[in-house]
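> coordinates only, sequence not included:
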C-alpha cells in the first residue's frame, strides 16, 4: 500500500517520529507561551535553560551518580531556581519597559550561559545513557519505536495538559491571569503579585529544564543543543499565537508532524518548512492560529 | 615622462597591494569554527597550535617577529572570506590557515588566489580544493574527501559490503564526500541505493535514519562530521538501525569517539591522517597538548601545528615572504615531521600516508584516549586523487 507514492510504512513511521519531535516543540513552546502570556517577556534564554536541564542531569549522573529518575525532578527544580534568580535580579526591573528589552536581556543571558558551558565542556557533547527501565524498542511492524521515545511523548502530553489545566481551569490560574491583566487590583485583594510573577517565570524555566532532561538520552548533551532548537520553537509560538497555551501545545505537535512529513516528500525543505508556515500564518492571521486578535 | 612616472607609481601600488609586505611582523591568520559543532576538533585549540608552531620556530622568521591572528567564521562562507580579505588588505597577511568547514575553505581559497597569498586548508575536507577549484596558492595539507573515500570506502566494499546508502550533511563537504565515496563504491563493484541529506547541525536524525532503513542497503555511510556524526550514531543505535545495517563513519575524529564512548563505537573503522598514539614524536606532541587541554589532539590540530612549521621553514629557505617564491619552495621540499612525511604536489595536495584505524573495545583500551588500532597504512599515492584522475590544470603542464 502506498500513500502519495510513499510506502505506507515509511509514511506512518515519519508521522510517529514527527509526533515525538512535536512533543519537544510543544513542551518548549508551552514554557515560552506561559512566560509571554503572563509576563509579556519574550524569553530568548529558553534554549539555554533547556540545555542547562540536560547538563544538570548529566552532571548529576556523571559526578554524583544520581540516576535519571531523580534527575527528572532535581534538574527542573535547579533550572527553575535559576529562573527565579534571573527574574529577581534582572527581569523584574524591565516590566515597565518595552518587551524588546526583556528579549534583549534574555538573549544576552543565553549567549553568556552557552559561552560559559562551551568553555568548560567543549562542543563535542557528553553521552547520557537511556535509563535501564526504558531501554529497548517495540517493533510496530512498520517501524521500530524505541521505548524511550514513547515515554517522552507520554510525559510531554501529561505535562502540557497539566499546565494548561492549571492555568485555564484552576483558581491559582485565575489569579495568575487576573494579575497580569490588572496587577494593582489583584494586589488589593491580598494576593502577592510580584511573587506570583516570579514563580511563573521559575515554572516556565523548569519546563525548559524538564525538556532538557528528557532530551539528554536522545541527543548528545551539548552546550549548543538549545540554540539549535530555540528558533524553531519561537516559530511554533508565533504560529500558535503568542501567549495562547493550548495553541502552542497543538501547534507544537502539529508542526512536528508537518516537519516529519516534509522529510519524506522533500527532505531539503524540512529545516525551513516551519518558517514557511510561519510566514503564511502571519500574513493570513497575524495573531497566530489560536491567538486572540490584538 | 610624466606618463612613465604615473605608470611606475601605479605598478608600484599594484605590487604593494598584491604581495605581503616585506618589513614588520610576518602575519599568519587562522580562521575556523571557534564556537559551533566543529569547535572541539579544531577551534581555539587549533589556533593555539598555530601559535605554538610560531613560538617553537623561535617567534621570528627572517628576523621579523611572527604574529598570529585568529577569527571565528561561524560556519559561514561569507564571514570567512570577508575576514580573510580584510586581513590580506589591511594586515598584509602573509599566510592563512583555513579550519573546518569546506564551504568556508573554498571561499577563502578563492580570496587567497585573488590576493596571491599562501592558503593552507587543514580542517576543510572537500577534495575540490585541489581539484576543480585548485589554485596555485592553496595547499591542502591534512586529509580530503577522496582520501577518506578511498581508504575507508575501499576497505568496506572489499569486506563484502556492496550496497550503500548515504546520510549526508547538506553542504559542500557532505556533497564532496558522498560523491567521492560513491565513486569508490562503484569502482569496486558496489552499488548506491540512495541518500538522505540533512541540514548542518541538525537537531534530529530519526526521520532520515528511517528512510535509510527502508532502503535495505547493507551499509549506512555517514557523510557528515562532528556533532552531526555523533548524534546520528546515537539515534541509529536507539532505533536499532545498527542491527539491520552496518554503520560507517566516513569522517570520524577522535573527539567524536571520546564523546560517544567506546561502547557505542567499538569496531568502527575510520580513515585519518594521524593518531596521537602512533609513535614517540606524536605522543610527545600529544602530551604537551593534553597537559593544557585535558584531551588528546585531533589530527587536524596536529596538522595545524605541522602546516605552520612547514610554511615558516619554506619562508626561511626562500628568504622571502613573497607568496610565489614561498609556494615554489613548498612544492619542492619534502615534509618530514611528527605529523607526517610527504610532498606537496603541483596542485597543492600534500601527498602523505593515510591510515585505516579501528576503534578498540573497552577491554582493549588500556590508557585514557587509547582508542585506535591501526588496520592498514595506505601510501599517499593510493590514498589521494591521482594525477590521471585530477581535473586541476596545474597538474597537466
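Happy to help now that I have it. All values derive from a computational prediction rather than experimental measurement.
> would you say residue A:237 is within a strand?
No - Residue A:237 is assigned helix when assessed by DSSP: H, G, I helix; E, B strand; the rest coil, not a strand.
> name the helix or strand of chain A that has the lowest mean pLDDT.
Ranked by mean pLDDT, DSSP states H and E, the weakest helix or strand in chain A is strand A:2-3, scoring a mean of 60.
> regarding chain B, what is its longest helix?
The residue-count maximum for a helix in chain B (DSSP state H) belongs to helix B:299-318.
> where along the stretch 201-350 of chain B do the strands fall?
Taking DSSP state E, counting those that start in this stretch to define them, one finds strands in the stretch 201-350 of chain B at B:219-223, B:246-249, B:269-272, B:334-336, B:341-344, B:350-352.
> run me through the strand neighbours of the first one, direction for each.
Counting by DSSP bridges, the strands paired with strand B:219-223 are strand B:163-169 (parallel), strand B:246-249 (parallel).
> residue boundaries of the helices in chain A?
A:8-39, A:46-64, A:68-89, A:99-121, A:147-169, A:171-181, A:183-188, A:193-215, A:225-240, A:245-265, A:273-284.
> could you say what helices and strands the shortest one packs with?
Counting contacts by 3 or more CB pairs under 8 Å, 6 or more residues apart in numbering or on different chains; DSSP states H and E, the secondary-structure elements packed against helix A:183-188 are helix A:171-181, helix A:193-215. Heads up, the C-betas are built off the backbone N, CA and C, glycines and all.
> how distant is it from the center of its chain?
Centre-to-centre, helix A:183-188 and its host chain are 30 Å apart (CA atoms, centre = their mean, to the nearest Å).
> what of the fourth one?
Taking the mean of its C-alpha atoms, helix A:99-121 sits 17 Å from the chain's own mean (CA atoms, centre = their mean).
> and the angle from that helix to helix A:8-39?
In terms of direction (axes from the mean of the first three to the mean of the last three CA atoms, to 10 degrees), helix A:99-121 departs from helix A:8-39 by 120 degrees.
> pull out the buried residues from helix A:99-121.
Within helix A:99-121, the residues that count as buried by 16 or more other CB atoms under 10 Å in any protein chain shown are A:101-103, A:105-107, A:109-110, A:113-114, A:117-118, A:121.
> hmm, back to that, would you list the strands of the stretch 201-350 of chain B in TSV and tack on mean neighbour count, mean pLDDT and distance to residue A:241?
As requested, the strands of the stretch 201-350 of chain B are exported to TSV (neighbours: other CB atoms under 10 Å in any protein chain shown; pLDDT from 0 to 100; distance: least, CB to CB, whole Å):
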stretch	mean neighbour count	mean pLDDT	distance to residue A:241
strand B:219-223	27	94	39
strand B:246-249	22	90	42
strand B:269-272	24	93	48
strand B:334-336	14	95	62
strand B:341-344	18	96	60
strand B:350-352	25	97	57
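> make CSV out of those strands and add distance to residue A:215.
Output for the strands of the stretch 201-350 of chain B, formatted as CSV (distance: least, CB to CB, whole Å):
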stretch, distance to residue A:215
strand B:219-223, 21
strand B:246-249, 22
strand B:269-272, 27
strand B:334-336, 45
strand B:341-344, 43
strand B:350-352, 41
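> if we can go back for a sec, need the winner for burial among the helices and strands packed on helix A:183-188.
helix A:193-215 (a mean of 24; mean count of other CB atoms under 10 Å in any protein chain shown).
> okay, angle between it and helix A:171-181 too, please.
Using the same axes, to 10 degrees: helix A:193-215 against helix A:171-181 is 120 degrees.
> does the spatially most central residue of chain B lie in a helix or a strand, and which?
Relative to the mean C-alpha position of chain B, the nearest C-alpha, by CA atoms, centre = their mean, is the one of residue B:123, at 3.1 Å. Applying DSSP states H and E as the criterion places residue B:123 outside every helix and strand.
> pick out the residue in the stretch 51-200 of chain B sitting closest to chain A.
Closest contact between the stretch 51-200 of chain B and chain A, by CB to the nearest CB, is at residue B:199 (4.2 Å).
> quick check: closest non-adjacent residue to that residue.
residue A:271 (4.2 Å; CB to CB, 6 or more residues apart in numbering or on different chains).
> hmm, residue A:223 is touching residue A:118, no?
Yes - using CB atoms under 8 Å, residue A:223 is in contact with residue A:118, at 4.3 Å.
> confidence score at residue A:11?
You'll see residue A:11 listed with a pLDDT of 79.
> number of residues surrounding it?
20 (other CB atoms under 10 Å in any protein chain shown).
> residue B:243 now?
Residue B:243: 12 neighbours (other CB under 10 Å).
> give me the pLDDT value at it.
Looking at residue B:243, the pLDDT reads 84.
> and it, how close does it get to chain A?
9 Å (CB to the nearest CB, to the nearest Å).
> thought residue A:187 was touching residue A:193?
Yes - applying CB under 8 Å, one finds residue A:187 in contact with residue A:193, separated by 5.1 Å.
> what sits in contact with each of the two?
residue A:179 (CB atoms under 8 Å, 6 or more residues apart in numbering or on different chains).
> nearest residue to residue B:232 in space, please, no chain neighbours.
Nearest to residue B:232 is residue B:205, by CB to CB, 6+ apart, at 4.6 Å.
> tell me how many other residues crowd that neighbour.
27.
> can you list the residues of chain A near chain B?
Contacts of chain A with chain B, taken as CB under 8 Å from any CB of the partner chain, map to A:7, A:9-10, A:13-14, A:17-18, A:20-21, A:115, A:118, A:122-127, A:130, A:137, A:143-144, A:146, A:148-149, A:218-220, A:222, A:224-225, A:228-229, A:232, A:260, A:263-264, A:267-268, A:270-271.
> could you list the low-pLDDT ranges of the stretch 1-150 of chain A?
Along the stretch 1-150 of chain A, segments meeting pLDDT under 70 span A:1-7.
> wait, residue A:34 sits on residue A:199?
No - the criterion here is CB under 8 Å, and residue A:34 misses it with residue A:199 at 11.2 Å.
> sorry, back to before: you'd agree the residue nearest to residue B:232 is up against residue B:229?
No - under the criterion of CB under 8 Å, residue B:205 makes no contact with residue B:229, lying 10.0 Å away.
> and after the least confident helix or strand in chain B by mean pLDDT, which helix or strand comes next?
Ranked by mean pLDDT, DSSP H and E, the helix or strand of chain B with the weakest confidence is helix B:2-18, at a mean of 49. Of the helices and strands lying after helix B:2-18 in sequence (DSSP H and E), the nearest is strand B:26-32.
> in its sheet, what does that following strand sit against?
Strand B:26-32 is paired, per DSSP bridges, with strand B:64-72 (parallel), strand B:95-98 (parallel).
> quick one, that strand and helix B:299-318 angle?
Using the same axes, to 10 degrees: strand B:26-32 against helix B:299-318 is 160 degrees.
> avg pLDDT for strand B:26-32?
96.
> for chain A, what is the nearest residue in the stretch 251-397 of chain B?
For the stretch 251-397 of chain B, CB to the nearest CB, closest residue to chain A: residue B:259, 4.1 Å.
> ok, now which ones touch that residue?
A:124-127, A:220, B:230.
> swap in 6 Å and give it another go.
By CB atoms under 6 Å, 6 or more residues apart in numbering or on different chains, residue B:259 lies in contact with A:124-125, B:230.
> buried subset of the residues you listed as a ChimeraX selection?
One line in ChimeraX is enough to select the buried members of the contacts of residue B:259, burial here meaning 16+ other CB under 10 Å:
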select /A:124,125 /B:230
